[in-house]
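Q: Generate coordinates for the sequence data below:
(2 chains)
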Amino acid sequence: MSDPVVDRALAHEHGLSDEEWERILDILGRAPTYPELGVFSVMWSEHCSYKSSKTLLQTLPTEAPWVVEGPGENAGAVDVGDGLAAVFKIESHNHPSYVEPHAGAATGVGGILRDIFTMGARPLASLNSLRFGPLDDPHQRFLVRGVVAGIADYGNCFGCATVGGEVTFHPRYRANILVNAMNVGIAQIDGIFRAKATGLGNPVIYVGSRTGRDGIHGASLLASSEFDEHTEEMRPTVQVGDPFTEKLLLEACLEAFQTGAIVGIQDMGAAGLTCSSFEMAAAAGTGIEMHLDRVPQREEGLTPYELLLSESQERMLLVAEKGREAELARIFDKWDVDFAVVGEVTNDGCMTVYWKGEPVVAIPIDPVSKNSPVYERPRHAPADLAERQKLDLTELDPPADLSAVLLDMLASPNLCSRRWVYEQYDQLVQSATVIRPGGDAAVVRIPGTRRALALSTDCNPRYCSLDPYLGAMHAVAEAARNVAVTGARPLAVTNCLNFGSPERPESMWEFAESVRGMADACRLLETPVVSGNVSFYNETSGEGAILPTPTIGMLGLVDDLDHVLRAEFQGPGDAIVLLGETFDEIGGSEYLSVHYGLERGSPPRLDLPAERQLHTLLRTAAGESLLRSAHDLSDGGLATAVAECAIVSGTGCDLGPIPAGRRPDLWLFSESATRALVTCAEADLEALLALASRLGVPAERAGRTGGDRIRIGDAIDVALGEAEAAWADTLPESMDA
Amino acid sequence: MFPGSNDDRDLAHAFTLLGACVEMVWHKDARLPEGLCGLGVPGGFSYGDYLRAGAMARFSPVMAAAEGFARSGGPVIGICNGFQVLCEMHLLPGALVRNRDLRFVCKDVDVEAADTGLFADGLEPGRKLRLPIKHGEGAYVPDPARPPRVAFRYAGENPNGSVDGIAGVVNEAGNVMGLMPHPEHAVDAALGGTEGAVVLRTFLAACQRFRSGHGQDA
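A: The predicted model follows:
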């Protein structure tokens, strides 16, 4: 089979613009070969080059004294004490998961796991943030089943606990679901590995699964354009995962790291061998010479083009000290993992690739990677934004029966129990899970220590749609609050920025505003962004784009396991205290959507200094053992939070009357930010209120735990069993229907 | 441990926590350590479990030695995938098949001890324990030709459709036990429970008896 003629038209088919084609001719001083065209198309794809987002992402805060590794490596890392680093990242696998939900979600998990252990860390815990269309659509149920089973199959078999995340539903994800996978691992700070091809003459080594034809152009075409009527035909671009091989690759890599013979390592993810080799050489300012015929291959007849672009999973590229190849080969052989020296490090700043002795690729590295195209895309606010932000509360008739409204809220797909989902995940393997899925944040012990990590993912896309700047700030603040209510100090952020086409000015505006909000919130809360990814083109012709969804993955640190707090009540007889202030804020709220069928207004105000004070209060009170439980107040407001604490604990509660002059439904379901519902022993109440007053956090005794009913003033009175049924049955009834 | 074992380090950690001296055995080894007084087969997904849970692991080189150890009366405990492996090796009767609802399930369940063979110290029949389960192929199906000695039954909800609610069995001689729940994941109060220690302690007690019976001093 001979290669096709490479011309402008073929470049277009590869997703390259006229301008980019001219640039290629300019860099090479000639027309590219077919494999070279493939290399340019993946390296300059939106997915790999961040060409539309790069300049905006540079405005995010990335530094703090505890940051060990910021953006740019496979994952970020922060110091968590005892010479250890938490290595973490979140990444999207949206397009593949829609086209082939099981394999797409599974390989999303596989990819993020490799990002973590490439750094020298053993993956400790996974989370995932999932968004689907409404559950009454059978195709969405098919997607939910496939995605959840894919995540479960890969994570369970690999042996990394899945401890948390989020699952929500909205019509705007019907044609573009989101699957964002996060992982955190633990490494020795002085044992972190980086993706660098240093050392002239050092061998470049390929380890892991053999290369096949799967996933060719997965990143460049599937993830870098919107869906249309041909999307179904894209199924072969989805990679296929093998968690068992990944587990062997993990153990072999971790053992190989111990030898000290490894100089640099990079996961072969998006754009496979091409991207990993270019990145390693670019990071080191070196060059690489590679022989494709030495690459382990799954089948005969693979062309250089296919070998360079394949996204076969469970593969790594490493650079080792010259002369230690045999020592490393023995380790990979022990684990039955393929090992092949495929090239060596050069100093000519060039990627030179040979096929059976003939050069097929000769490209200077920096112009392709470091100096790849960057675009300032036009952007402006959606025309209907001002209209959507209008909300007149006086036009909304208050409901008569608030107990019934609470039951509706608890049963709504976005607030109900997620047990159907997380029971399919191994939440326990590696014996670290302190707080399992279902709380505000998951908590996992750092092995061998008394410390623990608190982990959360968060984003309210409705807020982001109504005000992307404020919405993104809320995502950061709420994720931080989620970890703070466990008693943790929020340390750092990883982000997954899911948006529509950057070529549409409205979408680009949403992106820019979200990044601005995220930067401001991260700066004020001192939670720098250390890793992340951007997923554009989440839109489908005829269906439009997703809601802007800048998902935040937050990592917090608990200094002492004994001070970890749970969300649910810890038994009867405790005082219930409401921290923070409640305003009549239901813009973009779950209540407005569930009860009135409206999605409008402005998201709640956000006072970031006050937010910080609340986190300090929670952490201090937890450290002084003043608290028995703590739950973040967010989606669904106070009434929903109270019900969740009661249902999960099996302990009822009695809260005082609704303050005079307040409209009951707004008080109960307001989503005002910077609030938490905590309980304490009656004997500690005074100390808690004094501490809150010292820190300037509004705090008020709201009631007492006990009994078997949920009572709030004379507005709500529901039997615990009735509330539990409403909350627990929605997902199983929909999914098993 | 096999390639794909996941709960191996968890089990080793739990045994160590309870005072045992633990050595990991690699699946390619042909021999077991000298002076071995008990063998734990851990959970996980040996060989990926692509064919059938435990179906490949039984052919691992070390398993011939393991079989010899079990047949000589050595105490053996197989947890989850380890239970599946022991059934595949016919060291335990019966088989484990896909859960009733075809989904992996991870949650805490109550089990009740019945006839636990040599592992009865502190584990009298009727003793209830709260233990986590996490498996996709945990529904036990007895072999009519070789009815099992039932060691544990699910108390209350049957989470996977096991026949007669069977959660664990011992072999005819009582020295080989297999169970789906994970006692090694319930040995630390900070991680949600300590009742798994009851199971592991009775296993270690049997190991100690086996060692003194053989006059070995490992």
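Q: Could you use CA atoms for every contact and neighbour count after this?
A: Fine.
Q: just the CA coordinates of stretch A:277-286, formatted as PDB?
A: Extracted C-alpha coordinates of stretch A:277-286, given in PDB (Å, rounded to 0.1, in the frame of the first residue of the first chain):
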ATOM      1  CA  SER A 277       8.200  11.600  21.800                       C
ATOM      2  CA  PHE A 278       7.800  15.300  20.700                       C
ATOM      3  CA  GLU A 279       6.900  16.300  24.300                       C
ATOM      4  CA  MET A 280       9.800  14.500  25.800                       C
ATOM      5  CA  ALA A 281      12.300  16.000  23.400                       C
ATOM      6  CA  ALA A 282      10.800  19.500  23.600                       C
ATOM      7  CA  ALA A 283      10.900  19.500  27.400                       C
ATOM      8  CA  ALA A 284      14.600  18.600  27.300                       C
ATOM      9  CA  GLY A 285      15.600  20.700  24.300                       C
ATOM     10  CA  THR A 286      17.000  17.600  22.600                       C
END
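Q: How far off centre is it?
A: Using C-alpha atoms, centre = their mean, to the nearest Å, we find the averaged C-alpha position of stretch A:277-286 to lie 26 Å away from the chain's own average C-alpha position.
Q: And the contacts of it?
A: Residues from elsewhere that reach stretch A:277-286 (C-alpha atoms under 8 Å, 6 or more residues apart in numbering or on different chains): A:195-198, A:200, A:264-266, A:287-288, A:317, A:345-351, A:365-366, A:369-370.
Q: Quick check: closest non-adjacent residue to residue 185.
A: This is for chain A. Closest residue in space to residue A:185, ignoring its immediate chain neighbours: residue A:123 at 3.8 Å, by C-alpha to C-alpha, 6 or more residues apart in numbering or on different chains.
Q: To clarify, I was referring to chain B.
A: Among residues not flanking residue B:185 along the chain, residue A:431 sits closest, at 6.2 Å (C-alpha to C-alpha, 6+ apart).
Q: That neighbour and residue B:163, how far apart?
A: Going from residue A:431 to residue B:163 by C-alpha to C-alpha, to the nearest Å gives 29 Å.
Q: Residue B:137 now?
A: With distances taken as C-alpha to C-alpha, residue B:137 is found 13 Å from residue B:163.
Q: Please identify which of the two sits among more neighbours.
A: The neighbour count for residue B:137 versus residue B:163, taken as other C-alpha atoms under 10 Å in any protein chain shown, is higher for residue B:137 (24 against 13).
Q: check contacts around that one.
A: With contacts defined as C-alpha under 8 Å, 6+ apart, residue B:137 is in contact with B:53, B:96, B:97, B:98, B:99, B:104.
Q: what's around residue B:138, how many residues?
A: Other residues within reach of residue B:138 by the criterion other C-alpha under 10 Å amount to 31.
Q: my bad, should have said residue B:151
A: Here the neighbour count serves as a burial measure; for residue B:151 (other C-alpha under 10 Å) it reads 25.
Q: got the contact list for it?
A: Residues counted as contacts of residue B:151 (C-alpha under 8 Å, 6+ apart) are B:113, B:114, B:115, B:116, B:117, B:166, B:167, B:168, B:169, B:170, B:177.
Q: where are the low-confidence patches of the chain?
A: Let's take chain A. For chain A, residues meeting the criterion pLDDT under 70 lie at A:1, A:217-225, A:229-237.
Q: Correction: the question concerned chain B.
A: Scanning chain B for pLDDT under 70 picks out the ranges B:1-3, B:47-48, B:50-53, B:55, B:214-218.
Q: longest helix of it?
A: Selection of the longest helix in chain B by residue count, based on DSSP state H, yields helix B:196-213.
Q: and the residue of the stretch 101-250 of chain A found nearest chain B, which of the three is it?
A: Taking C-alpha to the nearest C-alpha as the measure, the point where the stretch 101-250 of chain A comes nearest chain B is residue A:244, at 4.7 Å. Taking DSSP: H, G, I helix; E, B strand; the rest coil as the rule, one finds residue A:244 in the helix state.
Q: go on, residue B:37?
A: coil.
Q: How many residues are close by it?
A: 22.
Q: OK, contacts around it?
A: B:74, B:75, B:207, B:208, B:210, B:211.
Q: Now with 7 Å, please.
A: Contacts for residue B:37 (C-alpha atoms under 7 Å, 6 or more residues apart in numbering or on different chains) come out as B:74, B:207, B:208, B:210, B:211.
Q: go on, residue A:97?
A: A:104, A:105, A:147, A:179.
Q: Name the nearest of these relative to residue B:181.
A: Distance to residue B:181, by C-alpha to C-alpha, is smallest for residue A:147 among these, at 26.0 Å.
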